[in-house]
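[1] Please work out how this folds:
(2 chains)
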There are 2 protein chains.
Amino acid sequence: MRKGEQTKAAIVDVAVALASLDGLEGLTIARIAERMSMSKSGVFAHFGSREDLQIEVVREYHRRFEEEVFMPAIREKRGLPRLLRLFDNWVMRVTQEIDSGCIYISGAVEYDEREGPVREQLVESVKTWLNALLKAVQQSVELRQLRSDTEPKQLVFEMHGLILALHHDARFLKQRAAVERAKKGFERLIASYRAQ
Amino acid sequence: MRKGEQTKAAIVDVAVALASLDGLEGLTIARIAERMSMSKSGVFAHFGSREDLQIEVVREYHRRFEEEVFMPAIREKRGLPRLLRLFDNWVMRVTQEIDSGCIYISGAVEYDEREGPVREQLVESVKTWLNALLKAVQQSVELRQLRSDTEPKQLVFEMHGLILALHHDARFLKQRAAVERAKKGFERLIASYRAQ
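    Below is the predicted model of the structure:
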């Protein structure tokens, strides 16, 4: 990487950390400049606007999410093994984020009333992920590992609920037992959908 | 009510609406004064600080939540009838809030990294509600309507997940079908816990 690209990557790295803690709307060029020991105009030289930086943060977060959650799972066999691994990795990631926060989950609350390109990037990233889960569920049904009357969107909705409850209880209520509850809930869920 | 009390109640009313849309941290005395066509010092005369007002908003939200969700349900018979009604009312309330927002859910994200009395009031309100659900689950087990090996906290966790997924999908992703998904998920859940 050239020096300019290295600096840009370092800015994004700091911005992802700040946005995870305080939200995408908590990001300011001033705070990032301070953390980087740069001038505000130095940060602006790499990002034309705060909004461009927010979008880049969502993209970088998505890349990391894909790398940690999605990529190790697609090495598993199609169908149920892959679905189980996707959920495991998701739980692992949210567990790691108990102290730092998840941009997808906090972003959903921050942008539920806002329009614009940051929201659009966030919606696209979240939908990409939910669609990857949906595909794994559909394959599990096709391979007759899950019951033929499984409604894939319903199952993905219920999986997502377990993750949201984990994030809520662990991060807001400081109840670490939530990690085990999410895993146990998923086992129950899959057992109820599993083909005999 | 005396005039001072009426004004105070009107301020809280406006503040609850604003906090539902933009979050408790989005509340400012200036915005409320503008909405009420009052001076800022006029608003301050009723609330010593922005924090006092935020706490009063959480309390008022809790009163309304109790009135709409909890109170109609405790007229049902103890145990499963009451538990089913609690969930129905909860879904109904979140459905009504798709366009306005839920202070408990957005507050959990806003205050996951903040300490102080607003967070404490919010945690207390959320725990009060989750404990009411827990009690209804425990009674359902005692009355042998739910299986004796039911873990009440696990079931409440899973119910909460359905509500959080409903709020996420309906409010952030604009998918109204989420209401039916939450109801169907709850039916599946209760069926799996129901005593034979």
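[2] Around chain B, pick out the residues from chain A.
    Listed as neighbours of chain B in chain A under the rule C-beta under 8 Å from any C-beta of the partner chain: A:21-23, A:101, A:105-106, A:108-113, A:123, A:126-127, A:153-154, A:157-158, A:160-165, A:168-169, A:171-173, A:177-178, A:181-182, A:184-185, A:188, A:192. (Glycine included, C-beta is placed from N, CA and C.)
[3] Going through the residues you listed, which ones are buried?
    The neighbour count (16 or more other C-beta atoms under 10 Å in any protein chain shown) marks A:22-23, A:101, A:105-106, A:108-113, A:123, A:126, A:153-154, A:157-158, A:160-165, A:168-169, A:171-173, A:178, A:181-182, A:185, A:188 as buried among the residues of chain A next to chain B.
[4] in chain A, what residue is nearest chain B?
    residue A:161 (3.2 Å; C-beta to the nearest C-beta).
[5] What strand or helix carries residue A:139?
    Secondary structure assignment for residue A:139, by DSSP states H and E: helix A:117-142.
[6] tell me the helices in chain A, going along the chain?
    A:3-22, A:29-36, A:40-44, A:50-65, A:71-74, A:80-96, A:103-110, A:117-142, A:152-167, A:178-193 (DSSP state H).
[7] Now render those helices as CSV, adding mean pLDDT.
    Below are the helices of chain A laid out as CSV (pLDDT from 0 to 100):
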stretch, mean pLDDT
helix A:3-22, 93
helix A:29-36, 94
helix A:40-44, 92
helix A:50-65, 96
helix A:71-74, 96
helix A:80-96, 97
helix A:103-110, 94
helix A:117-142, 98
helix A:152-167, 98
helix A:178-193, 97
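[8] any chance of the ones you listed in a markdown table, with distance to residue B:81 too?
    Below are those laid out as a markdown table (distance: least, C-beta to C-beta, whole Å):
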| stretch | distance to residue B:81 |
| --- | --- |
| helix A:3-22 | 43 |
| helix A:29-36 | 52 |
| helix A:40-44 | 59 |
| helix A:50-65 | 42 |
| helix A:71-74 | 42 |
| helix A:80-96 | 33 |
| helix A:103-110 | 33 |
| helix A:117-142 | 33 |
| helix A:152-167 | 24 |
| helix A:178-193 | 23 |
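[9] Residue A:85 touches residue A:77, doesn't it?
    No - with contact defined as C-beta atoms under 8 Å, residue A:85 does not reach residue A:77; the gap is 9.5 Å.
[10] between the two, who's got more neighbours?
    residue A:85 (19 against 11; other C-beta atoms under 10 Å in any protein chain shown).
[11] tell me the contacts of the more buried one?
    Counting by C-beta atoms under 8 Å, 6 or more residues apart in numbering or on different chains, residue A:85 makes contact with A:72, A:73, A:76.
[12] Most neighbours out of those, which is it?
    Counting by other C-beta under 10 Å, top hit in the contacts of residue A:85: residue A:73 with 21 neighbours.
[13] got a list of what that residue touches?
    A:82, A:85, A:86, A:89, A:136.
[14] Now the last one: closest residue in space, sequence neighbours ignored.
    Here the nearest residue to residue A:136 in space, its sequence neighbours aside, is residue A:83; by C-beta to C-beta, 6 or more residues apart in numbering or on different chains that works out to 4.1 Å.
[15] And that neighbour, how far from residue B:65?
    Plainly put, residue A:83 is 36 Å away from residue B:65 if you go by C-beta to C-beta, to the nearest Å.
[16] Would you mind writing the CA trace of stretch A:57-71 as PDB?
    Output of stretch A:57-71 as PDB, limited to C-alpha atoms (Å, rounded to 0.1, in the frame of the first residue of the first chain):
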ATOM      1  CA  VAL A  57     -17.200   2.500   7.800                       C
ATOM      2  CA  VAL A  58     -20.200   0.500   6.900                       C
ATOM      3  CA  ARG A  59     -18.400  -1.100   4.000                       C
ATOM      4  CA  GLU A  60     -15.300  -1.900   6.000                       C
ATOM      5  CA  TYR A  61     -17.500  -3.400   8.800                       C
ATOM      6  CA  HIS A  62     -19.300  -5.500   6.200                       C
ATOM      7  CA  ARG A  63     -15.900  -6.800   4.800                       C
ATOM      8  CA  ARG A  64     -14.900  -7.800   8.300                       C
ATOM      9  CA  PHE A  65     -18.200  -9.400   9.000                       C
ATOM     10  CA  GLU A  66     -18.000 -11.400   5.800                       C
ATOM     11  CA  GLU A  67     -14.500 -12.500   6.500                       C
ATOM     12  CA  GLU A  68     -15.200 -13.600  10.100                       C
ATOM     13  CA  VAL A  69     -18.700 -14.900   9.800                       C
ATOM     14  CA  PHE A  70     -19.500 -15.800   6.200                       C
ATOM     15  CA  MET A  71     -16.200 -17.000   4.700                       C
END
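[17] residues making contact with it?
    Among residues not part of stretch A:57-71, those counted as contacts by C-beta under 8 Å, 6+ apart are A:12-13, A:15-16, A:19-20, A:24, A:27, A:86, A:89-90, A:92-93, A:103-104, A:107, A:118, A:121-122, A:125, A:128-129, A:132.
[18] Can you select the buried ones among these for me in ChimeraX?
    A single ChimeraX command is used to select the members of the contacts of stretch A:57-71 judged buried by 16+ other C-beta under 10 Å:
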select /A:12,15,16,19,20,24,27,86,89,90,103,104,107,118,121,122,125,129,132
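[19] How about the contacts made by residue A:143?
    A:78, A:79, A:80.
[20] surely the residue of chain A closest to chain B meets residue B:167?
    No - Residue A:161 lies out of contact with residue B:167 (C-beta under 8 Å); the separation is 10.0 Å.
[21] do you know how far the spatially most central residue of chain A is from residue A:94?
    Centroid-nearest residue in chain A, with C-alpha atoms, centre = their mean: residue A:104, separated by 4.9 Å. Plainly put, residue A:104 is 10 Å away from residue A:94 if you go by C-beta to C-beta.
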